[in-house]
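Student: prediction below, plus the sequence it came from.
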Amino acid sequence: MAVADSLWWFDSKYEQHPVGPPGGPPSTIPISDSYTLVKPYGSWDDHDPQNVISFTNDLAKNYFGTNQVTPGTNIYSMYIGIQRYLRDHGLWDDYIVTLVNKPEFDWIAKEVMRSEDVILLLGFWQQLVPGGPWVRISGHYVAVAGVDLANFQLALSDPIKDNAEGGPGRVLNGQLIPHTP
């Protein structure tokens, strides 16, 4: 889920004592949770891989109403849900949640360059009848992971298929927490 990517990233960014990725048995992984944006859903660090499913399920079910009335996540329910999540975690005044209809590349680039997270709802459109109107048939949320201003390109973090960890794509060594490609 793109929102989980975003919240997880901000939680990492503001963690006062970040720990590296888990590498040993659970009892040897240090726990460091000084920033309250993401909470652990068990007796592990909030950024332990074991936390991913519980965290995304909590957001989807308890904050966004995903798949409860209609399939998927309504953008307005997500917008309101993010604000409620921030309030519930005591961080209401620390973030601004903005909903922009059809954002231009320049706006997205500016926000990413300011180290703001941008979540895009990509719409999938199809012409059901040749020569007929284009109809939106579905959509998918992604987080913007980077921007290439010179070539007008966006790097997307797609929570459904993160190929850079096991397929095409690339993973570079991180500056905050070392990450071996």
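Tutor: Happy to help now that I have it. None of the values given here were measured: they were computed from a predicted structure.
Student: and the biggest strand by length in the chain, what other elements does it pack with?
Tutor: Ranked by residue count under DSSP state E, the longest strand found in the chain is strand 134-148. Secondary-structure packing of strand 134-148 (3 or more CB pairs under 8 Å, 6 or more residues apart in numbering; DSSP states H and E): helix 2-14, helix 105-113, strand 119-127, strand 153-157. For every residue, glycine as well, the C-beta is placed using N, CA and C.
Student: gap between Val35 and Phe124?
Tutor: Not Val; residue 35 is Tyr. Distance, Tyr35 to Phe124, using CB to CB, to the nearest Å: 36 Å.
Student: comparing those two, which residue is more hemmed in?
Tutor: Neighbour comparison, Tyr35 and Phe124: the larger count goes to Tyr35, with 18 against 10 (by other CB atoms under 10 Å).
Student: so, low pLDDT: which residues of the chain?
Tutor: Within the chain, the ranges that satisfy pLDDT under 70 run 19-29, 161-181.
Student: dump the helices and strands packed on strand 134-148 to TSV, plus distance to Ala143.
Tutor: TSV is the format used below for the helices and strands packed on strand 134-148 (distance: least, CB to CB, whole Å):
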stretch	distance to Ala143
helix 2-14	4
helix 105-113	10
strand 119-127	5
strand 153-157	4
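Student: so which of those is nearest Leu86?
Tutor: Checking the helices and strands packed on strand 134-148 against Leu86 by CB to CB gives helix 2-14 as the closest, at 8.9 Å.
Student: which of the residues in that closest one are buried?
Tutor: Buried residues in helix 2-14, counted by 16 or more other CB atoms under 10 Å: Ala2, Val3, Ala4, Asp5, Ser6, Leu7, Trp8, Trp9, Phe10, Asp11, Ser12.
Student: tally of neighbours for the nearest residue to the third one once chain neighbours are set aside?
Tutor: In space, and not counting its chain neighbours, Ala4 is closest to Thr56: 4.7 Å by CB to CB, 6 or more residues apart in numbering. As a burial measure, the neighbour count of Thr56 was computed by other CB under 10 Å and equals 17.
Student: equivalent analysis for Gln126, please.
Tutor: 10.
Student: the one 3 residues further on too?
Tutor: Neighbour count of Val129, defined by other CB under 10 Å: 7.
Student: the residue lying closest to Gln16 once chain neighbours are set aside and Gly81, how far apart?
Tutor: Using CB to CB, 6+ apart and skipping the chain neighbours, the partner closest in space to Gln16 is Ser34 (4.2 Å). For Ser34, the distance to Gly81 (CB to CB) stands at 25 Å.
Student: could you do Ser12 as well?
Tutor: Relative to Gly81, Ser12 is positioned 21 Å away (CB to CB).
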